[in-house]
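In: Make a model of this:
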Amino acid sequence: MNADSDGRAGESAADGAGGGEPAEHAPLGSRAPEFVKARRSLHVSWQVGVFLVGLAVVGAGIVMLPLPGPGWLVIFAGMAIWATEFVWAQLVLRWTKRKVTEAAQRALDPKVRRRNLILTAVGLVIVAVLVGVYVWKFGIVMPWRIHE
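Out: Numbering: from 1, shown residues only. A predicted model of the protein is given here:
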């Protein structure tokens, strides 16, 4: 049975006209063009291609985690590529968006902000004291010799 026969498509179209569907209620599944979905072998080839492109992007993001570069951003971009075709990636992306939104809301809480500022200040003071003790004990030695 398709969505038109059970009446849900009309409801979602009416809901969508009022400003777009929330991300939680967006339909899951392949977003491949209809001519690709119509042929099984073409659709499987499409899915393999999307998977390989997403895998390359996620792999590049993983490489960027210890190296300079926007590692997490690239990993999420790879997940978004996968989410165009695979339901599991769409669910992971929804969960991630929900958790990021919740974390942002918690971070905007005045008590949490004040605690984070205090912890950051204490951490900076500790680092400054440790650097000061090191410089006092060993001095500053430059790795190059300018005076020669």
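In: and after the lowest-mean-pLDDT helix or strand in the chain, which helix or strand comes next?
Out: Across the helices and strands of the chain, mean confidence by mean pLDDT, DSSP states H and E is lowest for helix 8-17: a mean of 40. Per DSSP states H and E, the first helix or strand lying C-terminal to helix 8-17 is helix 34-37.
In: Return the distance of that following helix from the chain's centre.
Out: 28 Å (C-alpha atoms, centre = their mean, to the nearest Å).
In: Could I have the CA atoms of it written out in CSV?
Out: This file holds the C-alpha atoms of helix 34-37, laid out as CSV (Å, rounded to 0.1, in the frame of the first residue of the first chain):
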residue,chain,number,x,y,z
GLU,A,34,12.4,8.2,-9.3
PHE,A,35,14.0,6.8,-12.5
VAL,A,36,16.8,5.4,-10.3
LYS,A,37,14.3,3.8,-7.9
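In: ok, and what's touching it?
Out: 30, 42-43, 46 (C-beta atoms under 8 Å, 6 or more residues apart in numbering). Bear in mind the C-beta positions are built from the backbone N, C-alpha and C, glycine included.
In: ditto for stretch 112-123
Out: 106-107.
In: if you set the cut-off to 6 Å instead, what comes out?
Out: Applying C-beta atoms under 6 Å, 6 or more residues apart in numbering, the external contacts of stretch 112-123 come out as Arg106.
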